[in-house]
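1. Mind folding the following:
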Amino acid sequence: MVTESQASTNLTVKTFNKRNPVNDWIIRLVKGIIIGIGFILPGLSGGVMAVIFGVYDRLLKFLANLKHDFVKNFWFFLPVGIGLLIGIFLFSIVVEKAFGKYVAQFICLFVGFVVGTFPSLYKTAGKQGRKTKDLVIMMASTVLIFALMMIGEQQLMNIAPSIPAWVGSGALIGLGLIVPGMSPSNFLIYFGLYDKMASGIKNGDMATIIPLAVGAIVCVLLFAKLAAYLFRKYYSGMYHFILGMVIGSSLAIFPTIVFPAFNAEGLEKTGLSFGGALIFCLILFIVGTIASYLFSKVEEKYPREDIF
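-> Below you'll find the predicted structure:
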């Protein structure tokens, strides 16, 4: 028996599916661009953007079983893939130019993006219920990832660019798609590879781009099926673990990257006073938080199919 709620949902989906094919293609292209931005910008995640725009569920389902409706899914995700590449390339240019001089301010903007997106993620995490153990898992993963970043700060910051390093970086980017909330750029900042990656992409350096692509593709193909299974079996626990990773990795950015930028050398580089730099950080943090929060509200306008 179809309930009134189900009938309303079905009607919404049917209406959605009847949209102009050209407009629908453009919408998916724009979604792809934003997801690509999520891969590049610290604090954001391509997976989070995919969740917000109702792409994640179908994408994970497709990647977990490529043979099922392959042609249909290929054409559906083609504009998303094109947009993703556009977003990564365009924002690699922006990141390379802005990341050098105003590191602390730039990072605060991205942390604001995380804070603004968090209510949407928290709501999604509790979609199938929320128990005390889920909150314990979230707090434990927060402490774990924060401690890991703090303890390993010196070692992680000194990884030299190489093919294995870029393959590993690509794997992190792939995880950023499979695991909503995990920001690969946060980790690449700690590894000291973030700005070098952006420069390599902007300059079309195949020695950077090809290993990145290989790492990302292999990671996605290996873990998509596992991720779909884990989310299906342990949805709430998995999502709260991810939320903890988001919180912990974002908090660890402050003592390792933001605060050091306020020493004499960092302030001289920006040409700002301590007070000016602090106000700049606060303004960008607030802007990022508000923009990301409003942006996440778009989620409610896009029907999605549940696979978990």
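
2. Can you give me the buried ones in stretch 114-134?
-> Buried residues in stretch 114-134, counted by 16 or more other CB atoms under 10 Å: 114-118, 120-121, 124-125, 134. Glycine gets a C-beta too; all of them are placed from N, C-alpha and C.

3. Reformat those as TSV; add pLDDT.
-> Shown next, in TSV, are these (pLDDT from 0 to 100):
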residue	pLDDT
114	76
115	84
116	82
117	76
118	81
120	77
121	76
124	77
125	82
134	92
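
4. so which pair among those residues is furthest apart in space?
-> Farthest pair in these (CB to CB) is 116 and 134. Separation: 22.2 Å.

5. From residue 173, how far off is the nearest residue to residue 257 once chain neighbours are set aside?
-> Nearest non-adjacent residue to residue 257, counting by CB to CB, 6 or more residues apart in numbering: residue 107, 5.8 Å away. Distance, residue 107 to residue 173, using CB to CB, to the nearest Å: 19 Å.

6. returning to what we had before: turn the buried residues of stretch 114-134 into a markdown table, columns for secondary structure and distance to residue 197.
-> A markdown table is the format used below for these (DSSP: H, G, I helix; E, B strand; the rest coil; distance: CB to CB, whole Å):
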| residue | secondary structure | distance to residue 197 |
| --- | --- | --- |
| 114 | helix | 20 |
| 115 | helix | 24 |
| 116 | helix | 25 |
| 117 | helix | 22 |
| 118 | helix | 26 |
| 120 | helix | 27 |
| 121 | helix | 25 |
| 124 | helix | 28 |
| 125 | helix | 29 |
| 134 | helix | 34 |
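
7. nearest to residue 228, of these?
-> So of the buried residues of stretch 114-134, ranked by how close each gets to residue 228 (CB to CB), first place is residue 124, at 15.9 Å.

8. My guess is the closest one contacts residue 240. True?
-> No. Here residue 124 does not reach residue 240: they are 10.6 Å apart, not a contact under CB atoms under 8 Å.

9. ok, residue 61 - how many residues close by?
-> Counted with other CB atoms under 10 Å, residues neighbouring residue 61 total 18.

10. Going forward, count from 378.
-> Done: numbering now begins at 378, and the last item shifts to residue 438.

11. and it, helix, strand or coil?
-> Look at residue 438: counting by DSSP: H, G, I helix; E, B strand; the rest coil, its state is helix.

12. Nearest residue to residue 571 in space, ignoring adjacent ones along the chain?
-> Nearest one to residue 571, counting by CB to CB, 6+ apart, is residue 565 at 4.1 Å.

13. Helix or strand: which one has the one you found?
-> helix 561-568 (DSSP states H and E).

14. list the helices and strands that helix packs on?
-> Contacts defined by 3 or more CB pairs under 8 Å, 6 or more residues apart in numbering; DSSP states H and E place helix 561-568 against helix 398-417, helix 530-533, helix 540-555, helix 571-579, helix 612-630.

15. where are the low-confidence patches of the stretch 378-527 of the chain?
-> Where the stretch 378-527 of the chain drops to pLDDT under 70, the residues are 378-397, 419-422, 425, 429, 472-477.

16. could you pull out the helices for it?
-> Assigned by DSSP state H, counting those that start in this stretch, the helices in the stretch 378-527 of the chain fall at 381-394, 398-417, 423-429, 433-441, 447-476, 480-502, 509-528.

17. and residue 580, which of the ones you listed is closest to it?
-> Closest to residue 580 of the helices of the stretch 378-527 of the chain is helix 447-476 (CB to CB; 8.9 Å).

18. Report the buried residues of the closest one.
-> By neighbour count on 16+ other CB under 10 Å, the buried set for helix 447-476 is 450, 453-454, 456-457, 459-461, 463-465, 468-469, 472-473, 476.

19. Identify the residues contacting the residue nearest to residue 520 when sequence neighbours are not counted.
-> The shortest distance from residue 520 to any non-neighbouring residue, by CB to CB, 6+ apart, is to residue 625 (6.8 Å). For residue 625, the contacting residues are 518-523, 526, by CB atoms under 8 Å, 6 or more residues apart in numbering.

20. Repeat that for residue 604.
-> Counting by CB under 8 Å, 6+ apart, residue 604 has contacts 437, 441, 555-556.

21. ok, 6 Å please
-> By CB atoms under 6 Å, 6 or more residues apart in numbering, the residues touching residue 604 are residue 555.
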